[in-house]
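here's a sequence, model it:
(one chain, ligands or ions: 3)
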Amino acid sequence: MSANPPAVLPQANDPCWCGSGRKYKRCHRRDEGKVMPGEVSPMRTVPDHIARPSYADTGEVERWDEPIVKSPEVIEAMRHAGRVASEVLRLAGEFLQPGITTDDVDAYVHDLFIERGAYPSTLNYHGYPKSLCTSANEVICHGIPDSRIIRDGDIMNLDVTGFIGGVHGDTNATFCIGDVDPASRELVRITEECTWRGIEAVRPGRPLSDIGRAIEDHARTGGYGVVRAFIGHGIGHQFHTDIQVLHYYDSRAATVMQPGMVFTIEPMITLGTWQHRMWDDGWTAVTADGKRTAQFEHTLVVTDDGYEVLTGGPDAVSPSPPWTR
Ligand code: MF3
Ligand code: CO
Ligand code: CO
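Ligands and ions are numbered 1, 2, ... in the order given. Got it, this is the predicted structure:
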């Protein structure tokens with residue numbers, strides 16, 4: 001049995017190169033062009049002067065009750081954490097180019113957070129080994145940076161979260177690498193719109209289900225899928241808190257939004273099915289049909305008359321609703 005494909009690939013009905021005895025088209029041809037696990041480098045270290053979340057040393061995430069409505073002081077700290085995350089996301093996006101590895105992006109983002117006095121929140125979160133998530137093409141979310149080389153034509157989601165001032169700021173965006181096919185470009189465009197449709201549904205006195213409805217309506221109109229297994233979340237002193245933000249409509253999402261609530265909206269939209277499969281690494285989620293998927297994410301606070309995006313600002317990758325820019 002061979003582990004790596006030869007330079008010249010078999011014809012569809014010839015035996016697969018791997019030695020399985022099956023036809024190539026029923027065996028490894030399915031994987032062609034798909035994202036494959038690479039080699040994960042050793043965990044990076046964070047200097048001692050940077051304040052660490054409680055899980056940083058053990059990988060074990062303790063949970064405690066945290067008010068869902070934040071004080072003005074906590075919101076101010078979250079504005080800062082959000083701005084740091086949003087700046088790191090923009091710089092990381094500008095760093096992307098064909099030929100570098102996702103591990104190169106990890107090293108870059110790791111240092112950007114440290115330079116700003118922040119701990120990269122994903123590092124050792126439930127044992128997650130890296131300082132951001134890099135999710136290419138059919139990877140829905142939580143892709144682990146590794147030795148995979150970024151290619152022309154990829155769509156690449158970078159999800160960055162920073163911990164500073166005792167709170168987390170969480171944001172992501174999907175970037176087009178070089179010459180991307182029109183259907184993937186359109187997917188990325190619609191996904192950004194879905195995210196902002198969700199954000200614009202944020203209003204005190206309204207149920208959280210308004211957000212999912214706005215996102216799902218827009219995605220469905222274009223014939224896209226909405227991933228159901230991964231959702232937006234409350235955030236604050238802890239990376240993930242109790243508030244659940246579904247990206248599809250469910251009448252049971254009845255929690256009423258109140259000024260001072262902080263949570264993320266981060267829809268994952270697909271070109272095909274909404275169903276996912278997990279890789280053996282226990283983190284990487286891919287679409288069940290291998291079709292491409294995109295995501296954008298912001299952290300926001302409910303205000304007296306709507307919302308304030310904490311990971312926005314003029315320098316953000318997606319600073320405002322795309323139809324207003
Ligand atoms: N940033 C992701 C989110 O939006 C969570 C990543 S957790 C990790 O919720 F452990 F996978 F890194
Ligand atoms: Co999030
Ligand atoms: Co995130």
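
going forward, measure contacts between C-alpha atoms and count neighbours the same way
Noted.

up against ligand 3, what does the chain have?
Asp159, Asp170 (Cα under 5 Å from the ion).

indicate the residue of the chain located nearest to ligand 1.
Of all residues in the chain, the one sitting closest to ligand 1 is Thr122 (4.0 Å; Cα to the nearest ligand atom).

and that residue, how far from Trp64?
19 Å (Cα to Cα, to the nearest Å).

from what I see, Leu271 and Lys291 are in contact.
Yes: between Leu271 and Lys291 there is a contact at 5.9 Å, judged by Cα atoms under 8 Å.

look at the two and report which has more neighbours.
Under the criterion of other Cα atoms under 10 Å, the comparison of Leu271 against Lys291 puts Leu271 first, with 22 against 18.

so what's the more buried one up against?
By Cα atoms under 8 Å, 6 or more residues apart in numbering, the contact list for Leu271 reads Leu187, Gly223, Tyr224, Gly225, Lys291, Arg292, Thr293.

go on, Gly198?
Counting by Cα under 8 Å, 6+ apart, Gly198 has contacts Asp210, Ile211, Gly212, Arg213, Ala214, Ile215, His247, Ile265.

cross these against helices and list the overlap.
Taking DSSP state H as the definition of helices, the contacts of Gly198 contribute Asp210, Ile211, Gly212, Arg213, Ala214, Ile215.

give me the neighbour count for the second one.
Applying other Cα under 10 Å, we find 27 other residues in the vicinity of Ile211.

okay, buried residues for the host helix or strand of Val88 please.
Assigned by DSSP states H and E, Val88 falls within helix 72-95. Residues 74-75, 77-93 are the ones in helix 72-95 that count as buried (16 or more other Cα atoms under 10 Å).

so between Thr122 and Trp64, which is more surrounded?
Using other Cα under 10 Å as the criterion, Thr122 and Trp64 rank with Thr122 on top: 23 against 9.

about what we covered before: got CSV for the ones in helices among the contacts of Gly198, with pLDDT and distance to ligand 1 too?
Shown next, in CSV, are those (pLDDT from 0 to 100; distance: Cα to the nearest ligand atom, whole Å):
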residue, pLDDT, distance to ligand 1
Asp210, 99, 20
Ile211, 99, 16
Gly212, 98, 16
Arg213, 98, 20
Ala214, 99, 19
Ile215, 99, 17
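
thinking again about what came up before, chain center to the helix holding Val88: distance?
Mean C-alpha position of helix 72-95 versus that of the full chain (Cα atoms, centre = their mean, to the nearest Å) differs by 15 Å.

check whether the following helix or strand past that helix contacts ligand 1.
Using DSSP H and E, the next helix or strand after helix 72-95 towards the C-terminus is helix 102-115. No: using Cα under 6 Å from any ligand atom, helix 102-115 never reaches ligand 1; the gap is at least 11.9 Å.

list the helices and strands helix 102-115 packs on?
helix 72-95, strand 119-120 (3 or more Cα pairs under 8 Å, 6 or more residues apart in numbering; DSSP states H and E).

and these as TSV, adding distance to ligand 1?
Shown next, in TSV, are the helices and strands packed on helix 102-115 (distance: least, Cα to the nearest ligand atom, whole Å):
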stretch	distance to ligand 1
helix 72-95	11
strand 119-120	9
